[in-house]
Structure formats: structure tokens, C-alpha cells
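> Sequence and predicted model, in that order:
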Amino acid sequence: MRKRYVARGMVQGVGFRWFVRDAAAKLSVTGWVRNLGDGSVELEAQAGENTLTAFEAEVKNEHPWAHVSELQTQVIAPVEREAGFDIRT
């Protein structure tokens, strides 16, 4: 399963992308994360449904300085043979 997320709130300038990358590595989630020009952060994540549920909870609640006020979620088509989780610019 693959999902596209847009995180809004205090999510830029606090190390949020690195936190998301580390959470993905810990849970064996593949995909990517990047800042958007409007101050939000976009990410795509791919794993099993239960793993993505745990990943979403960590992204929304566990960063010590970020505050995710909204996490939009959309199921999208999986990417074949994807490896790792990247920070994009």
C-alpha cells in the first residue's frame, strides 16, 4: 500500500523531514519527503497497511518540536522495486 501525505502546521525548520526519514527507516517504510513552498511537507510512503498506520501515528505525534495540525492522506498506486526513503529538495 502507498499513501501520499501533506502535513500542515509547524513542520518546516524543525528537522521534520529528517525525523520522517528516520521513522520510515525504523519501520521499513519506503518513499520520500520534501518541503513545499506553502510551509507544508509532502511525503509518499509505502508499506503494509498496519505499518503505515504506525508510521502515520509517529509522524503526527512523536516529533519533539514539530506540531502537525493536519495530515491529509490519499491512497495512491504503489511504486515497484522502490528501495529506501529519501529527502527530496
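The structure has been received and is ready for your questions.
> Now do the helices in this structure.
With DSSP state H applied, the chain shows helices at 16-27, 49-61, listed in chain order.
> Show me what the first one is in contact with.
Outside helix 16-27, the residues that touch it by CB atoms under 8 Å, 6 or more residues apart in numbering are 7, 29-31, 33-35, 41, 43, 45, 47, 51, 54-55, 58-59, 62-63, 66, 85-87. The C-beta positions use only the backbone N, C-alpha and C, and glycine is treated the same way.
> Just the buried subset of those residues, please.
For these, a burial check counting by 16 or more other CB atoms under 10 Å picks out 7, 29-31, 33, 35, 41, 43, 45, 47, 51, 55, 58-59, 63, 66, 85-86.
> In this structure residue 47 contacts residue 3, no?
No - using CB atoms under 8 Å as the test, residue 47 is too far from residue 3 to be in contact (9.2 Å).
> Any idea how far stretch 1-17 is from the middle of the chain?
With CA atoms, centre = their mean, to the nearest Å as the basis, stretch 1-17 stands 5 Å off its chain's centre.
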